[in-house]
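> predicted coordinates and the sequence they were generated for:
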Amino acid sequence: MKWFTNLFSSTLGRKLLMALTGLFLILFLLVHLIGNLQLLKDDGGLAFNVYTEFMSHNPLIQTISKVNFALILIHIVWAIMLSRQNRQSRGQEGYAISNKSSHWTSRNMGILGTIILIFLVVHLRHFFAELHWGTTPKVVIDGKEMSDAYTLVSFWFAKAWYAGLYVVCMIGLAFHLWHGFSSAFQTLGLNHVKYNPVINFVGRAFAIIVPALFALIPIMIFLK
């Protein structure tokens, strides 16, 4: 087990862990988006409420959810540690010179990550915490009582400041993914001159389309 401890206490090990957790979170974003798109159905929230009830009570989903929260925390902690290591190992002048040719997103992953972290705290407070421990109204569907998650989401997305915050944070997420997607493959050694163009294309398409669809949801609900 010593090799495992040494691996993840090293800079390379931390980068590997960042890449692995990042790819898992990318997959989570895709699944989460598919569920959230149910909000755009013109069914009075029926599909979204059924989806939320399933996600909230399925044992497998709940296990994955707890793992996901743990990975988010690991991703954040390791990002902070790597950023501090980079600042300590390079002088400010040398860092600036060595990064002039790098993309803006790669030089500002810390700032983008902070924006996403702030969003997560606000988002979890208003939705996750409210659904589990708040006073969310109930609705009966097919004879089963469940939380009316659709009404809760609609309440917050009808507020201009919240819808605006959500959209701004999705822009931050897009920039974060723009660099993070391809970087994760590179860190894991899954890059090749033959496949890099495909990885970069898929990564950039994902970085644009997924956050854009997430942002579309509050915009559409607010406009209603």
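Okay, I see it.

> drop to CA atoms for contacts and neighbour counts, all remaining ones
Will do.

> just checking, Leu112 touches Trp178?
No. Look at Leu112 against Trp178 with C-alpha atoms under 8 Å: they stay out of range, at 10.9 Å.

> got the contact list for the closest residue to Leu37 other than its chain neighbours?
With sequence-adjacent residues excluded and distances taken as C-alpha to C-alpha, 6 or more residues apart in numbering, Leu37 is closest to Ile217, at 7.1 Å. Neighbouring residues of Ile217 by C-alpha atoms under 8 Å, 6 or more residues apart in numbering: Asn36, Leu37, Leu39, Leu40.

> quick one: the first one from Ser183, how far?
Put plainly, it is Asn36. Going from Asn36 to Ser183 by C-alpha to C-alpha, to the nearest Å gives 27 Å.

> quick one, which of the two is more surrounded?
Regarding Asn36 and Ser183, a neighbour count based on other C-alpha atoms under 10 Å identifies Ser183 as having more, with 22 against 17.

> how about the secondary structure of that one?
Classification of Ser183 using DSSP: H, G, I helix; E, B strand; the rest coil returns helix.

> Provide the secondary structure category for the closest residue to it other than its chain neighbours.
Closest residue to Ser183 apart from its sequence neighbours, by C-alpha to C-alpha, 6+ apart: Ala19 at 7.5 Å. What three-state DSSP gives for Ala19 is helix.

> now the helix or strand hosting Gln186, how far from the centre of its chain.
Secondary structure assignment for Gln186, by DSSP states H and E: helix 160-187. On the basis of C-alpha atoms, centre = their mean, to the nearest Å, helix 160-187 sits 8 Å off its chain's mean C-alpha point.

> mind listing what's buried along it?
Going by neighbour count (16 or more other C-alpha atoms under 10 Å), the buried part of helix 160-187 is 162-187.

> C-terminal to that helix, what's the next element?
Next element after helix 160-187 (DSSP H and E): helix 196-223.

> now that next one against helix 160-187, angle please.
Angle, helix 196-223 to helix 160-187, by axes from the mean of the first three to the mean of the last three C-alpha atoms, to 10 degrees: 170 degrees.

> so for helix 196-223, what gets flagged as buried?
199-200, 203-204, 206-208, 210-219, 221-222.

> so how far is Leu29 from Leu213?
According to C-alpha to C-alpha, Leu213 and Leu29 sit 11 Å apart.

> what comes up buried for stretch 188-198?
Asn191.

> list the contacts of that stretch.
Leu16, Ala19, Phe185, Ile199.

> who are the neighbours in contact with the second one?
So the one you mean is Ala19. Ser183, Ala184, Phe185, Thr187, Leu188.
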